[in-house]
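Engineer: this one's sequence-less:
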């Protein structure tokens, strides 16, 4: 049996939506993008939503909008994909890495200890779709001792009057925290619509705006949109209208807009996300929970609690009592059975770029502990129960070969 890790969900509705976009004669940013922004806004409850060409771009845009740059620090978890840190580096700021907790998400106490007068933003990451503790994060950024350290150096920073809470929610569209949807839990929230995400536009992302007063979120949306289009006062769609050719460049923007042909994929998927795609991902996760529960070595990832529910983006199974080498051997054996699995993620301090910047994994023990025994299993709507049973059996067989048979051999049994 061959089981891929994360194929995109492409049905006839998606194909028809893309065909409609192609047939319209307009494929770059236009009405499809606007419709996707409005649908994300409707499903999340965000005040405004802006689509961009990637989540990385969305993070960069958000930091630039807030005036983050050279000499500034941005706190991020050490256990995340590289894009979280690269977005900080690309705007000229310094990433400050902190450790995570057993639930994979960033340690609030570690963040508090890392705040300095240079800190301009905190970027919590909703690992695998499990929301961070946004109540604790909001309390932290509004805490008097933390606010007193904040040294604003831009108009946006002065207006907010505190550290920006910018959620890297690449995994968590559809997740909830205390009855609120991901997209409304931070000042700005960035989703990813990359090919392997719950909702895809092939490549893409979205920035959800939920800024407090005195900000007008409509005005900030307009400014950010301008920033995605080279600072040009008219987008290409508007310029095609009769007499609409005149434009101006009013700020040094980027070119990170989403095309309509990409938005058309996301539109078709998002329309059935609450009723079909998200429930099907949950079905897969619950199958794993029910079937791995029999094994005392299987550590089930956080999926649902009294206050939070995951978006079921990654099923991050951890194997109790194994080493990194044993985990890698298990992955090799599982792969030989035709099951594609993954690891989320190699902690940033273990990657060459960040090692060269002086980061050492020894300073992030929980990040390493999570990583060294983690195996990400396939989780997507198309999986059948037979395929899921085969995956569970392949993992159990690999554990038996790597751990149990080795123990029996060493014991002379």
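Structural biologist: Perfect, I can see it now. Fair warning: this is a prediction, and the values are worked out from it, not measured in the lab.

Engineer: give the contact list for residue 80.
Structural biologist: Shown in contact with residue 80 (Cβ atoms under 8 Å, 6 or more residues apart in numbering): 125, 127, 168, 345, 348. Where C-beta positions appear, they are placed from N, C-alpha and C, glycine not excepted.

Engineer: now with 6 Å?
Structural biologist: Going by Cβ atoms under 6 Å, 6 or more residues apart in numbering, residue 80 touches residue 125.

Engineer: residue ranges with poor pLDDT in the stretch 251-400 of the chain?
Structural biologist: For the stretch 251-400 of the chain, no stretch is flagged by pLDDT under 70.

Engineer: Within its local environment, how many residues does the nearest residue to residue 86 once chain neighbours are set aside see?
Structural biologist: Nearest non-adjacent residue to residue 86, counting by Cβ to Cβ, 6 or more residues apart in numbering: residue 56, 6.6 Å away. Number of residues near residue 56 (other Cβ atoms under 10 Å) recorded here: 23.

Engineer: Surely residue 56 and residue 83 touch.
Structural biologist: Yes - in this structure, residue 56 sits in contact with residue 83. The criterion is Cβ atoms under 6 Å, and the distance is 4.3 Å.

Engineer: before we move on, the earlier item: other SSEs contacting the helix or strand that contains the residue nearest to residue 86?
Structural biologist: Residue 56 belongs to helix 55-65 when elements are defined using DSSP states H and E. With contacts defined as 3 or more Cβ pairs under 6 Å, 6 or more residues apart in numbering; DSSP states H and E, the packing partners of helix 55-65 are helix 82-90, strand 188-192, strand 205-209.

Engineer: So for residue 110, which of those sits nearest?
Structural biologist: For residue 110, the closest of these is helix 82-90, at 15.3 Å, according to Cβ to Cβ.

Engineer: Report the rounded mean pLDDT for the closest one.
Structural biologist: Confidence over helix 82-90 (mean pLDDT, whole number) is 98.

Engineer: and it with strand 188-192, angle?
Structural biologist: Comparing the axes of helix 82-90 and strand 188-192 via axes from the mean of the first three to the mean of the last three Cα atoms, to 10 degrees yields an angle of 130 degrees.

Engineer: ok, then the element right after helix 82-90?
Structural biologist: Of the helices and strands lying after helix 82-90 in sequence (DSSP H and E), the nearest is strand 94-98.

Engineer: Find the centremost residue of this protein, please.
Structural biologist: Most central in the chain under Cα atoms, centre = their mean is residue 170, positioned 1.7 Å from the mean C-alpha point.

Engineer: secondary structure element for the residue nearest to residue 163 when sequence neighbours are not counted?
Structural biologist: Distances taken as Cβ to Cβ, 6+ apart put residue 141 closest to residue 163, at 4.8 Å, once the chain neighbours are dropped. Per DSSP H and E, residue 141 falls inside helix 134-142.

Engineer: picking that back up, isn't the residue nearest to residue 163 right next to residue 160, touching?
Structural biologist: No - at 9.3 Å, residue 141 does not count as touching residue 160 under the criterion of Cβ under 6 Å.

Engineer: Give me the nearest residue to residue 178, chain neighbours excluded.
Structural biologist: Leaving aside its sequence neighbours, residue 178 sits nearest to residue 307 (Cβ to Cβ, 6+ apart; 5.0 Å).

Engineer: and the nearest residue to residue 348 once chain neighbours are set aside, how many residues sit next to it?
Structural biologist: Counting by Cβ to Cβ, 6+ apart, residue 348 lies nearest to residue 354, which is 4.8 Å off, once chain neighbours are set aside. Using other Cβ under 10 Å, residue 354 has 20 neighbouring residues.

Engineer: Next: residue 251.
Structural biologist: 11.

Engineer: That one contacts residue 231, correct?
Structural biologist: Yes - using Cβ under 6 Å, residue 251 and residue 231 qualify as a contacting pair, with a distance of 3.9 Å.

Engineer: Out of the helices and strands packed on helix 55-65, the one nearest residue 52 is which?
Structural biologist: strand 205-209 (5.1 Å).

Engineer: From the chain's centroid, how far away is the closest one?
Structural biologist: 11 Å (Cα atoms, centre = their mean, to the nearest Å).

Engineer: care to break this protein down by domain?
Structural biologist: Per automatic domain parsing, the domain ranges recorded for the chain read 12-271, 274-410.

Engineer: Distance to residue 6 for those - can I get that in a markdown table?
Structural biologist: Converted to a markdown table, these look like this (distance: least, Cβ to Cβ, whole Å):
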| stretch | distance to residue 6 |
| --- | --- |
| domain 12-271 | 4 |
| domain 274-410 | 6 |
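
Engineer: Looking at those domains, which one is packed in the most?
Structural biologist: Neighbour counts averaged per stretch over the domains of the chain are highest for domain 12-271, at a mean of 20; criterion: mean count of other Cβ atoms under 10 Å.

Engineer: Look at residue 166 and give its secondary structure.
Structural biologist: Per DSSP: H, G, I helix; E, B strand; the rest coil, the local secondary structure of residue 166 is strand.

Engineer: Look up which residues are beta-bridged to it.
Structural biologist: Note on residue 166: beta-bridge partners by DSSP bridges are residue 188.
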